[in-house]
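>>> For reference, the sequence and a predicted model appear below.
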Amino acid sequence: MAAALRKMHPRRAMEYGGRGNIDASDLEGRERTASHEGAALLRRLKAASPHFGCYPFRAAFVDRCVDSGTLEALLGQRYVDPSTGSHVILGSGIAGIRARYISNIGGTVCRGGSYHGKLAILDESCLDAAPILAVDHHCNSMALVFGAHSLKDPHSERVSAEEAELLARTSYGLSFVSNSLCKDIAESYGSTWPEDASMSHGCLLGHQHKPRGHPEEGLAVENLWVIRERGSPILGGEAGPYYSHERAWSLHLAYGVMPEVAAEGDRRDDSLEEVRRRYKSKVIACLKACALAGCDGLLVGCAEGVLACEVYKGVSCEMAADVWGEVLLGDDETPGLARHFKAIAFCLGGRTNPKIADYTWATLRTAFTR
């Protein structure tokens with residue numbers, strides 16, 4: 001089974017070509033795999049979670065999580081430390097991940113907005129920026145904010161740089177795999193998947209937990225483990241060497257801002273004010289969720305422009321930066337939400353495009369120097 005999983009190669013319909021020994025109808029004409037076992041595994045993944053019906057996510061999962069060896073390390077609950085050659089045992093704690101869609105966020109932050117909310121623009125990717133916030137600003141609990149993939153957008157070509165990095169370097173991918181499949185694959189790796197895993201009653205992000213389309217809805221994944229370094233700064237170079245036992249660390253929360261996808265046949269042409277209002281409501285909901293989760297450090301993914309402007313309909317980089325500045329800094333009437341965090345870092349790394357990085361840096365700097 002493990003070998004079959006590593007041979008999964010999803011392809012667009014136009015790349016299918018009719019080669020191989022799998023009937024195209026088995027895979028809805030969109031994949032070509034090397035074996036019947038691989039096709040069966042793909043069907044089990046798609047049966048457990050609707051996310052595998054989304055080609056960009058499916059391709060990223062196979063490339064970053066499966067082919068890179070990350071899923072094998074997670075389900076086998078061990079990997080080899082490249083510096084010593086010894087085995088690093090992850091243990092059953094790796095199965096403590098939690099994931100859900102959240103909306104209508106409410107509650108009280110116990111520390112009552114007592115932090116100073118230092119703002120920083122960093123060249124590192126989100127996961128590589130976390131140690132900087134921990135050392136320079138004494139942040140103990142991190143939240144990573146990224147642009148999540150859409151289940152409905154047929155024009156989407158790939159996931160965001162931050163989501164790709166989560167799949168390659170952390171236990172994020174386990175949210176989309178059913179407990180029964182985790183057990184079967186773990187056994188093929190010579191391991192035992194714990195019976196009391198958080199997904200023991202079904203896939204955490206399965207068909208029964210689809211997004212409900214609420215305008216402020218977000219994807220919250222908690223208790224992730226980061227087990228790998230970044231391989232290279234380019235897009236596609238996320239999976240690097242595994243961490244030693246001492247360097248593996250826990251990411252408290254990954255929060256995915258859901259993209260806005262127009263319904264089929266919807267030709268509404270909203271004003272810029274309306275687009276800005278909806279985007280601002282998502283940013284406020286995101287910050288509230290991270291603060292209520294007890295996070296004191298915030299990592300905002302900006303590898304492809306200010307967070308989610310590349311996937312959110314009608315939002316420019318300038319508009320997104322202005323909204324984040326307004327919400328974090330506040331004004332004379334409304335206090336800024338930055339006070340709930342020790343530090344907020346806007347992370348430009350994750351994709352080597354100097355023009356995008358320079359433009360995003362300048363746009364953010366303008367938004368926060370008013």
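Received the coordinates, thanks.
>>> And the helices in the stretch 251-370 of the chain?
272-292, 317-329, 354-367 (DSSP state H, counting those that start in this stretch).
>>> got the buried residues for the longest one?
Of the residues in helix 272-292, 275-276, 278-280, 282-283, 285-292 count as buried by neighbour count, 16 or more other CB atoms under 10 Å. Any C-beta I mention is one placed from the backbone N, CA and C, and that applies to glycine too.
>>> got a pLDDT number for residue 157?
Residue 157 is assigned 77 on the pLDDT scale.
>>> Not counting sequence-adjacent ones, nearest residue to it?
residue 56 (6.1 Å; CB to CB, 6 or more residues apart in numbering).
>>> quick one on the thing from earlier: of the helices of the stretch 251-370 of the chain, which approaches residue 251 most closely?
Smallest distance to residue 251 across those (CB to CB): 12.0 Å, for helix 272-292.
>>> Give me the helices and strands touching the closest one, please.
strand 142-147, strand 218-226, strand 249-257, helix 317-329 (3 or more CB pairs under 8 Å, 6 or more residues apart in numbering; DSSP states H and E).
>>> let's see 6 Å
Contacts defined by 3 or more CB pairs under 6 Å, 6 or more residues apart in numbering; DSSP states H and E place helix 272-292 against strand 249-257, helix 317-329.
>>> Spatially central residue in the protein, please.
residue 163 (3.5 Å; CA atoms, centre = their mean).
>>> picking up where we left off before, deepest-packed of the helices and strands packed on helix 272-292, please.
Ranked by mean neighbour count, the helices and strands packed on helix 272-292 are led by strand 249-257 with a mean of 22 (mean count of other CB atoms under 10 Å).
>>> picking up where we left off before, thought the residue nearest to the centre of the chain was touching residue 146?
Yes. Using CB atoms under 6 Å, residue 163 is in contact with residue 146, at 5.5 Å.
>>> if we can go back for a sec, tell me which of the helices and strands packed on helix 272-292 approaches residue 123 most closely.
helix 317-329 (16.9 Å).
>>> Now do the helix or strand containing residue 56: everything it contacts.
Secondary structure assignment for residue 56, by DSSP states H and E: helix 55-60. Applying CB atoms under 6 Å, 6 or more residues apart in numbering, the external contacts of helix 55-60 come out as 10, 51, 52, 149, 156, 158, 159, 164, 167.
>>> Tell me which entries of those lie within helices.
Using DSSP state H, the members of those that fall in helices are 164, 167.
>>> Convert the C-alpha atoms of stretch 349-357 to PDB, please.
Provided in PDB are the C-alpha atoms of stretch 349-357 (Å, rounded to 0.1, in the frame of the first residue of the first chain):
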ATOM      1  CA  GLY A 349       9.300  34.300   1.500                       C
ATOM      2  CA  GLY A 350       8.000  31.100  -0.100                       C
ATOM      3  CA  ARG A 351       8.300  32.100  -3.800                       C
ATOM      4  CA  THR A 352      11.300  33.700  -5.500                       C
ATOM      5  CA  ASN A 353       9.800  36.500  -7.400                       C
ATOM      6  CA  PRO A 354      11.700  39.700  -6.400                       C
ATOM      7  CA  LYS A 355       9.200  42.000  -8.200                       C
ATOM      8  CA  ILE A 356       6.300  40.700  -6.200                       C
ATOM      9  CA  ALA A 357       8.300  40.700  -3.000                       C
END
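>>> where in the stretch 51-200 of the chain is pLDDT low?
Along the stretch 51-200 of the chain, the parts satisfying pLDDT under 70 run over 92, 106-114, 153-155, 196-200.
>>> Correct me if wrong: residue 285 contacts residue 216.
Yes. With contact defined as CB under 6 Å, residue 285 counts as touching residue 216 (3.9 Å).
>>> Run through the strands of this protein in chain order.
For the chain, applying DSSP state E gives strands covering 78-80, 87-89, 98-102, 118-122, 142-147, 218-226, 249-257, 297-301, 343-347.
>>> Would you reformat these as CSV and include distance to residue 64?
Formatted as CSV, the strands of the chain follow (distance: least, CB to CB, whole Å):
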stretch, distance to residue 64
strand 78-80, 16
strand 87-89, 20
strand 98-102, 17
strand 118-122, 22
strand 142-147, 14
strand 218-226, 14
strand 249-257, 14
strand 297-301, 15
strand 343-347, 18
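>>> wait, which of those strands is closest to residue 232?
Shortest distance between residue 232 and the strands of the chain, using CB to CB, is found for strand 343-347: 16.2 Å.
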